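> Just need the structure, nothing else, for what follows:
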Amino acid sequence: MSGSRFGSLIFCDRCGNLLDLPGDDDTIACEHCGRVEEASAYENQVITTHSNPSAFPSTLRQKKTSLVQTTEVDKKKVFVDETCEKCGEKQMSVKTMQLRSADEGATVFYSCERCGYQTRLNN
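Here you go, the predicted structure:
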């Protein structure tokens, strides 16, 4: 009877000890209990392993996960007294985003609610 297998690991049926993989010897011997078996029992066996990506944590994956997490923000539109260049509407909605390096100003996006015209200003 051959030892128990778990993936490419071979365990002794008698004591459960992890056995060395077969080398050039014709037998596999358990160093714990002394049980010996033929190495040919493990020849020509295909071993397929699968792993879950989260099984191997990495610093980069943790950073990516923490950056992706978002919180719900009350998304009310903010309006400013800015005249639309296309239709002349007196107020436009505004939002800002930091698109350039931190030592440079934020980019301000203006949007006209009446005609849909959009423009931006780099501060």
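> any weak-confidence spans in this protein?
For the chain, applying pLDDT under 70 flags the ranges 1-7, 61-74.
> Just the CA atoms of stretch 37-55, as PDB, please.
The C-alpha coordinates for stretch 37-55 follow below in PDB (Å, rounded to 0.1, in the frame of the first residue of the first chain):
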ATOM      1  CA  GLU A  37       7.900   1.200   0.200                       C
ATOM      2  CA  GLU A  38       8.700   1.000  -3.500                       C
ATOM      3  CA  ALA A  39       9.400   4.400  -5.100                       C
ATOM      4  CA  SER A  40       7.900   3.100  -8.400                       C
ATOM      5  CA  ALA A  41       4.400   3.600  -6.800                       C
ATOM      6  CA  TYR A  42       4.900   7.400  -7.400                       C
ATOM      7  CA  GLU A  43       6.300   7.400 -10.900                       C
ATOM      8  CA  ASN A  44       4.400   9.000 -13.800                       C
ATOM      9  CA  GLN A  45       1.800  10.600 -11.700                       C
ATOM     10  CA  VAL A  46       0.500  14.000 -12.800                       C
ATOM     11  CA  ILE A  47       0.200  16.600 -10.000                       C
ATOM     12  CA  THR A  48      -2.000  19.700 -10.500                       C
ATOM     13  CA  THR A  49      -2.000  22.400  -7.900                       C
ATOM     14  CA  HIS A  50      -4.200  25.400  -7.600                       C
ATOM     15  CA  SER A  51      -3.800  28.400  -5.300                       C
ATOM     16  CA  ASN A  52      -6.000  31.300  -4.300                       C
ATOM     17  CA  PRO A  53      -4.400  34.700  -5.000                       C
ATOM     18  CA  SER A  54      -5.100  35.700  -1.500                       C
ATOM     19  CA  ALA A  55      -3.200  32.700  -0.200                       C
END
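> any idea where the helices of the protein begin and end?
Under the criterion DSSP state H, helices of the chain are mapped to 59-68.
> how about the nearest residue to residue 39 once chain neighbours are set aside, what does it touch?
Of all residues not flanking residue 39 in the chain, residue 22 sits nearest, at 3.7 Å (Cβ to Cβ, 6 or more residues apart in numbering). Placement of C-beta: from N, CA and C, glycine included. Counting by Cβ atoms under 8 Å, 6 or more residues apart in numbering, residue 22 makes contact with 28, 39, 42, 43.
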